[in-house]
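**Q** here's a sequence, model it:
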Amino acid sequence: MSASADSFLQRVWYDRHARWLSLALLPLSWLFGALVACRRAAYRIGLLPRVRVGRPVVVIGNVTVGGTGKTPFTIWLATQLQAQGVRVGIVLRGYGGNSSHWPRDVSSDSAPEEVGDEAVLLASRTGAIVVAGPDRVAAAERAIERGAEIVLSDDGLQHYRLARDREIVVIDGRRGVGNRRLLPAGPLREPVSRLAQTDLRVVSWRDGLPRSLTPAPATIQACARLSEAIALVGGETRPVEAFKGSRVHAVAGIGHPQQFFAALQQLGIEVAPHALPDHARVTAADILFPDELPVLMTEKDAVKSRAIADQRHWAVRMDVMVSEQDAAAVRAMLDRLG
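**A** Model (predicted):
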């Protein structure tokens, strides 16, 4: 999808002053909703089989399209489990990868054009067993073959063929569920009622600041913040605040690039924004600018830029913070898997 088309849909879905524009798309949403309901019913009654693999499976997903903070939370959850001595496997589709065969084992050195940018990012940040492939069952079985004791299925909420033991849904705290309509009139992949059927709801804030929420069962907050910048050439690390007061180019090919730009601006950095479509291939024209200003980019874009980057390019790391009380709730939910 082009950046202009994506921008239009974001306005229709999330800007309350433009929601009337979605009315023309409602018939398509009703059709989409009927297909979603029929597909889910087919799995529920066994017409379409679910496959249970030999280890516990935890799905981390969302009910809306686009970024919600799901991948940073998956990284946090994987590291929490690893700290307890658990061998973690992460499976995902490998969106954007053009591999001729699946599933694919993924490492930090894998080519993102073959296995997808998020797969390489997850392998780099967690060191977990990462397997990419459109067939989540085959990917999970491969992860278990490699020694995974628990499988995290990233963006797997709607992949019902892989039976799951727990479901975690991540919700963008600022944007919520938009106009509450199904695709294409709204951003929803499934009805809002689906949220209540999951085991844990994670409200994700991108500016690192938790909000006061109305208490709700099985709901926690995760606060993502920009922490440090890592040079793509040489590997130098510095706090992202070191760019405060400076003008930089900012590159983001994620679900909601404006959130990345805003987070940098909140740190006092003067931003020249360059938004790319989510999962876009990064070319030299996208990141090589005719000046010597630093270029700050998301981690997901950085893994696609390694071959063409120079000393100006920095990957900005995003870390998730979860309160001890909420982290304890997550551990308790996972402890019950045994």
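**Q** use CA for all of it now, contacts and neighbours both
**A** Noted.
**Q** how about the least confident helix or strand in the chain by mean pLDDT: buried residues?
**A** Among the helices and strands of the chain, helix 3-14 carries the lowest confidence by mean pLDDT, DSSP states H and E, at a mean of 78. Within helix 3-14, the residues scored as buried using 16 or more other Cα atoms under 10 Å are Asp6, Leu9, Gln10, Arg11, Val12, Trp13, Tyr14.
**Q** now the two most distant members of those.
**A** For the buried residues of helix 3-14, the maximum inter-member distance is 11.9 Å, found between Asp6 and Tyr14 (Cα to Cα).
**Q** biggest strand in the chain by residues?
**A** strand 219-231 (DSSP state E).
**Q** which strands or helices does that one pack on?
**A** strand 200-205, strand 237-239, helix 257-266, strand 313-321 (3 or more Cα pairs under 8 Å, 6 or more residues apart in numbering; DSSP states H and E).
**Q** below-threshold pLDDT in this structure: ranges please.
**A** 1-4, 207-215, 338 (pLDDT under 70).
**Q** 90 - rerun?
**A** In the predicted model, the chain carries pLDDT under 90 at residues 1-12, 15-21, 66-69, 174-175, 206-217, 254-259, 277-280, 335-338.
**Q** what domains does the record give for it?
**A** With domains defined by automatic domain parsing, the chain comprises 3-221+323-335, 226-318.
**Q** those strands in this protein, which residues are they?
**A** 57-61, 88-92, 104-106, 129-132, 150-154, 166-172, 200-205, 219-231, 237-239, 247-252, 270-275, 295-298, 313-321.
**Q** ok, which of these comes nearest Arg194?
**A** strand 166-172 (9.6 Å).
**Q** not counting its neighbours along the chain, what's nearest Phe73?
**A** In this structure, Phe73 finds its nearest non-sequential neighbour in Val320, 6.4 Å apart by Cα to Cα, 6 or more residues apart in numbering.
**Q** wait, what's in contact with Ser22?
**A** Counting by Cα atoms under 8 Å, 6 or more residues apart in numbering, Ser22 touches Val12, Trp13, Ala185, Gly186.
**Q** check Gly156 too.
**A** Applying Cα under 8 Å, 6+ apart, the residues contacting Gly156 are Val59, Ile60, Gly61, Leu92.
**Q** if you rank those residues by neighbours, which is first?
**A** Val59 (27 neighbours; other Cα atoms under 10 Å).
**Q** which ones are touching that residue?
**A** Leu152, Ser153, Asp154, Asp155, Gly156, Leu157, Arg164, Arg166, Glu167, Ile168.
**Q** in JSON lines, list the residues you listed along with distance to Ile75.
**A** Formatted as JSON lines, those follow (distance: Cα to Cα, whole Å):
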{"residue": "Leu152", "distance to Ile75": "10"}
{"residue": "Ser153", "distance to Ile75": "12"}
{"residue": "Asp154", "distance to Ile75": "10"}
{"residue": "Asp155", "distance to Ile75": "13"}
{"residue": "Gly156", "distance to Ile75": "15"}
{"residue": "Leu157", "distance to Ile75": "17"}
{"residue": "Arg164", "distance to Ile75": "19"}
{"residue": "Arg166", "distance to Ile75": "17"}
{"residue": "Glu167", "distance to Ile75": "16"}
{"residue": "Ile168", "distance to Ile75": "14"}
